[in-house]
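Asker: attaching a predicted model along with its sequence, questions to come.
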Amino acid sequence: MFSPNLLQQLQNIFICAFLGSYLLLGCNQPAKQNTQIKKDYIRAIPGENDTIPVAVAEKGEVLIAYSDCYTCHKEDKKSIGPAFKDIAKRYPVQTPYLDMLAQKIISGGSGSWGRAVMSPHPKVPLTDAKIMASYILSLKENK
Ligand code: HEC
């Protein structure tokens, strides 16, 4: 009933199915790497969070709205610059990080989030820059 030819064909089908699933599993690999890249983009720094007074965060939001920040930043989504919420995910609310971010707002630069360059803001006073940084980190979820 089974000709050797048919057996040969069945064998081929099994080999193809085996190779097919092997290739499919292989295709899953890059997807895993993608989530890895996303995680590395945030690079969350562990640490305790100080509280940011609501009045300070509100003032920072106003200062940012009156500056040019929103031409490159969005609250939720990556634009030319990182999303403010992504910045909040990376840095703990602590004075050294607020100081560092305030300096970066004034001096600009690149390399922390990729190759895009942030323009410098030499006219922003250091105290204002710290208040802006406080607003950005106040967007941290599940504090
Ligand atoms: C010309 C576009 C541009 C403008 C305008 C801009 N930014 Fe940025 N910003 C960027 C880019 C690009 C980065 C990422 C820099 C890097 O990778 O180091 C960035 C990064 C940041 C960071 C994170 C810095 C770090 O090292 O993690 C903060 C905080 C920030 N911006 C705040 C501001 C504030 C506040 C303003 C307005 C005063 C502003 N930005 C205006 C493009 C911009």
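Answerer: All right, it came through fine. Residues are numbered from 1 along each chain as shown.
Asker: can you spell out the domain ranges of the protein, please?
Answerer: What automatic domain parsing lists as the domains of the chain is 1-42, 54-137.
Asker: any idea which of these is most buried?
Answerer: domain 54-137 (a mean of 16; mean count of other CB atoms under 10 Å). All C-beta spots, glycine's among them, are computed from the backbone N, C-alpha and C.
Asker: quick check, central residue of this protein?
Answerer: Taking CA atoms, centre = their mean, the centroid of the chain lies closest to I42, which sits 4.0 Å from it.
Asker: hang on, isn't that residue packed against A88?
Answerer: No - with contact defined as CB atoms under 8 Å, I42 does not count as touching A88 (10.0 Å).
Asker: got any residues that touch both of the two?
Answerer: With contacts taken as CB atoms under 8 Å, 6 or more residues apart in numbering, I42 and A88 have no neighbour in common.
Asker: how near is C69 to P82?
Answerer: 12 Å (CB to CB, to the nearest Å).
Asker: show me what contacts the closest residue to P82 other than its chain neighbours?
Answerer: Counting by CB to CB, 6 or more residues apart in numbering, P82 lies nearest to W113, which is 4.5 Å off, once chain neighbours are set aside. Contacts here follow CB under 8 Å, 6+ apart; on that basis W113 touches Y41, G81, P82, D86.
Asker: and which of the residues you listed is nearest to the ligand?
Answerer: The closest of these to the ligand turns out to be G81 (CB to the nearest ligand atom; 2.9 Å).
Asker: look at that closest one and report its pLDDT.
Answerer: For G81, the pLDDT comes out at 98.
Asker: thanks a lot, see you next time.
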